[in-house]
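Asks: got a structure for you, letters missing:
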């Protein structure tokens, strides 16, 4: 660069600058994108009044590549004569600067130019790509007609950009017509077609294109491998994925960063997080994409703590997170209900400037909703100037899962007023809200009329919500009839919803019938055996309880032990029922005894019906006293400032006695206590629970 500058200075001093000298310098500057030197040459050409069409084209190219589109346009507008390169350089600059509408406006100038240079294949490749970005379908069709008439369609990059344009603007069928109608398809055409099918969710059509590609194209490029690995990921075909991985290793493509990240993504989506981690460890170079991909793979496969550790390792490695990285990390916190980590990430996002990104805000709403801090989720939601469907869905489902059914339905109506189209996921939250409020008629209206009018076919999740709605309203026979007459692929969760309601409403006859049916379908389902045992225990049928327990032993089916955990000052504390291992267990027991005395004074009596063992009453009370959620909550009370909310997660359904006791704990301590059990959130405050005592 210094030599070039000296050369320019010498030439200007001598007054000997020639056209050839200027062109040579402009070529170098165009490659190096040195804006300062480009401006110097431009100034010299203006002074010497010597700037022909070729030099002007180089100046347009330099300004465009350096992001100075205003200067590029000024050079273009001042040109007395232009050729096709003039238009092509300016259009490419606008396109790469994210201004596709300007590309089309320059094309119109070209059409009405008196000299009218004929557009070439490079111009139409840029124009068609701009049509894709703008969803300008009619303009894209007009360009297609021109390239057919002029013979430009035989250029491979024109064909491929046409495939992308039709796939984006009108649908994959039109793209397929282009693919089949033009001779000489190449590897790029196959890549474009596979990606088009994947974008439209047509996996098996993508597989068919891949089969044709195997026979027609022998040499694949890195884009092909990324596309095929994406196909394996979407179809969760780990066998094909491993075969492709072997071919990648044979051809040494694994060193390509995009291919390596696609391998990690494929294994993660196929459920093999160990293979994903191994593939990640083999990467010679890692960027933010590869780090985000392995974090997502761990999160998708329930390795949540590992995902957060990777987030820290990434920054130690000197790689800065982007918006997608923050989204993955926040969704991981949501899965763990790790509110403390989520708050830290929120501060991190604010500091880095990524809070302006909608995907990050959506993840923050999701994290706060699933961590029991719905108020924080609401603050982010209200402050958002621009909301998409995911934003509305996160808020509606967040309200529903936190027991705020009325707020969920109000938000849904606001969504309709804003003319944002509801989706399949939206109605899951809406029907859950109806269930919480006992709105049976409204629930049936949504699933039978509104959803179908919007073209959304109800799925098993919606039908399960209707079952839950009927059960909560005490209409168990109607729920049973609904399940047996509605054509749906009922899953285990659906049947367990009905069975659990039979236990809650003490409909033991129907419960036995439902349990027998479930065990025909899922003979080793531990949850069904436990619910049956609980039902018989509540009916004091201890002989039947013994039979169930004996059957479980014979089948080697074991009940999962009750465990609760709480995060205090970024440290996770885990408690099991009757736990004596925690360093502060003596203090916990002492505080628990004090609390129980306080709540007994205002009416608490241990609900010994929750003890599913045939023992004396005094022993039953001992069993209840040291349930894991009570221990975790008391630890939170003695370890956090007065007035701070307590957030606990439990791996099983909360028992009736703990539910009663914790309601009163919240009253006497004046604390908000949030417990997320396997079924739902329980927000205890002032002696009440957000579930309205149904869970």
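Replies: Looks like it arrived, so ask away. No experiment lies behind these values; they were computed from the predicted model shown.
Asks: can you pull the buried residues of the helix or strand hosting residue 660?
Replies: Using DSSP states H and E, residue 660 sits in helix 656-669. Of all the residues in helix 656-669, those buried under the rule 16 or more other C-beta atoms under 10 Å are 656-667, 669. C-beta here means a position set from N, CA and C on the backbone, and glycine is covered the same way.
Asks: again, but for stretch 558-565
Replies: By neighbour count on 16+ other C-beta under 10 Å, the buried set for stretch 558-565 is 562, 563, 564, 565.
Asks: Export the residues you listed as JSON lines, with columns for distance to residue 692 and secondary structure.
Replies: Below are those laid out as JSON lines (distance: C-beta to C-beta, whole Å; DSSP: H, G, I helix; E, B strand; the rest coil):
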{"residue": "562", "distance to residue 692": "23", "secondary structure": "coil"}
{"residue": "563", "distance to residue 692": "26", "secondary structure": "strand"}
{"residue": "564", "distance to residue 692": "22", "secondary structure": "strand"}
{"residue": "565", "distance to residue 692": "26", "secondary structure": "strand"}
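Asks: The residues you listed into a markdown table, with extra columns for pLDDT and distance to residue 80?
Replies: Output for those, formatted as a markdown table (pLDDT from 0 to 100; distance: C-beta to C-beta, whole Å):
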| residue | pLDDT | distance to residue 80 |
| --- | --- | --- |
| 562 | 85 | 85 |
| 563 | 91 | 81 |
| 564 | 92 | 80 |
| 565 | 89 | 76 |
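Asks: which outside residues touch stretch 48-55?
Replies: By C-beta atoms under 8 Å, 6 or more residues apart in numbering, the surrounding residues in contact with stretch 48-55 are 17, 19, 22, 23, 26, 45, 59, 79, 81, 82, 83, 86.
Asks: contacting residues for the fourth one?
Replies: With contacts defined as C-beta under 8 Å, 6+ apart, residue 23 is in contact with 54, 55, 58.
Asks: Can you tell me which of those residues are buried?
Replies: Buried, going by 16+ other C-beta under 10 Å: 55, 58, out of the contacts of residue 23.
Asks: thinking again about what came up before, helices or strands up against the helix or strand following the helix holding residue 660?
Replies: Per DSSP H and E, helix 656-669 leads on to strand 673-676 as the next helix or strand towards the C-terminus. When contacts are defined as 3 or more C-beta pairs under 8 Å, 6 or more residues apart in numbering; DSSP states H and E, strand 673-676 packs onto helix 628-639, strand 646-650, helix 656-669, strand 681-685.
Asks: Looking at these, which is nearest to residue 377?
Replies: For the helices and strands packed on strand 673-676, the distance to residue 377 is smallest for strand 681-685, at 12.0 Å, taking C-beta to C-beta.
Asks: Paired strands for that closest one, with orientation please.
Replies: Its sheet considered, strand 681-685 pairs with strand 673-676 (antiparallel), strand 688-689 (antiparallel) by DSSP bridges.
Asks: Can you give the distance of the last one from its chain's centre?
Replies: Using C-alpha atoms, centre = their mean, to the nearest Å, the mean C-alpha position of strand 688-689 is found 32 Å from that of the whole chain.
Asks: Ok, stretch 487-495 next?
Replies: Per C-alpha atoms, centre = their mean, the centroid offset for stretch 487-495 relative to its chain is 25 Å.
Asks: can you map out the helices along the stretch 201-350 of the chain?
Replies: 203-216, 222-235, 238-250, 257-269, 273-281, 288-300, 304-316, 323-336, 339-352 (DSSP state H, counting those that start in this stretch).
Asks: tell me the angle of the last one relative to strand 646-650?
Replies: For helix 339-352 and strand 646-650, the angle between their directions (axes from the mean of the first three to the mean of the last three C-alpha atoms, to 10 degrees) works out to 120 degrees.
Asks: Over to the fourth one?
Replies: For helix 257-269 and strand 646-650, the angle between their directions (the same axes, to 10 degrees) works out to 70 degrees.
Asks: Against residue 389, how distant is residue 423?
Replies: Distance from residue 423 to residue 389, counting by C-beta to C-beta, to the nearest Å: 6 Å.
Asks: Please apply the same query to residue 337.
Replies: For residue 337 relative to residue 389 (C-beta to C-beta), the value is 25 Å.
Asks: Comparing the two, which shows the higher neighbour count?
Replies: Each of residue 337 and residue 389 has its neighbours counted (other C-beta atoms under 10 Å); residue 337 has more, 22 against 15.
Asks: doesn't residue 369 make contact with the more buried one?
Replies: No. Using C-beta atoms under 8 Å, residue 337 makes no contact with residue 369, being 10.2 Å away.
Asks: hmm, back to that, return the entry from the contacts of stretch 48-55 with the maximum number of neighbours.
Replies: Among the contacts of stretch 48-55, residue 59 has the most neighbours (other C-beta under 10 Å), with 26 neighbours.
Asks: out of everything not next to it in sequence, what's closest to it?
Replies: residue 75 (4.9 Å; C-beta to C-beta, 6 or more residues apart in numbering).
Asks: Name all residues that make contact with that neighbour.
Replies: Shown in contact with residue 75 (C-beta under 8 Å, 6+ apart): 42, 56, 59, 60, 63.
Asks: Tell me the confidence at the fourth one?
Replies: What the model reports for residue 60 is a pLDDT of 90.
Asks: quick thing: my sequence starts at 10, can you match it?
Replies: Understood, numbering begins at 10; the last thing we discussed is residue 69.
Asks: Give me the neighbour count for it.
Replies: Neighbour count of residue 69, defined by other C-beta under 10 Å: 28.
Asks: ok, and for stretch 395-407, which residues are buried?
Replies: Buried residues in stretch 395-407, counting neighbours by 16+ other C-beta under 10 Å, are found at 396, 399, 400, 401, 402, 403, 404, 405, 406, 407.
Asks: Just list the residues touching the third one, thanks.
Replies: What that stands for is residue 400. 367, 370, 371, 374, 390, 393.
Asks: one more time with 10 Å, if that's ok
Replies: Counting by C-beta atoms under 10 Å, 6 or more residues apart in numbering, residue 400 touches 367, 368, 370, 371, 374, 375, 389, 390, 393, 424, 429.
Asks: likewise the last one?
Replies: For residue 407, the contact set (C-beta under 10 Å, 6+ apart) comprises 374-379, 382-383, 386-387, 390, 413, 416-417, 420, 438, 690.
Asks: Then the fifth one?
Replies: The contact partners of residue 402, taken as C-beta under 10 Å, 6+ apart, are 371, 374-375, 420-421, 424, 429, 431-439.
Asks: How much space separates it from residue 348?
Replies: Distance from residue 402 to residue 348, by C-beta to C-beta: 21 Å.
Asks: Equivalent analysis for residue 111, please.
Replies: For residue 111, the distance to residue 348 - C-beta to C-beta - is 46 Å.
Asks: Looking at these two, which is more packed in?
Replies: In this view residue 111 and residue 348 are compared by other C-beta under 10 Å, and residue 348 has more residues nearby, 21 against 18.
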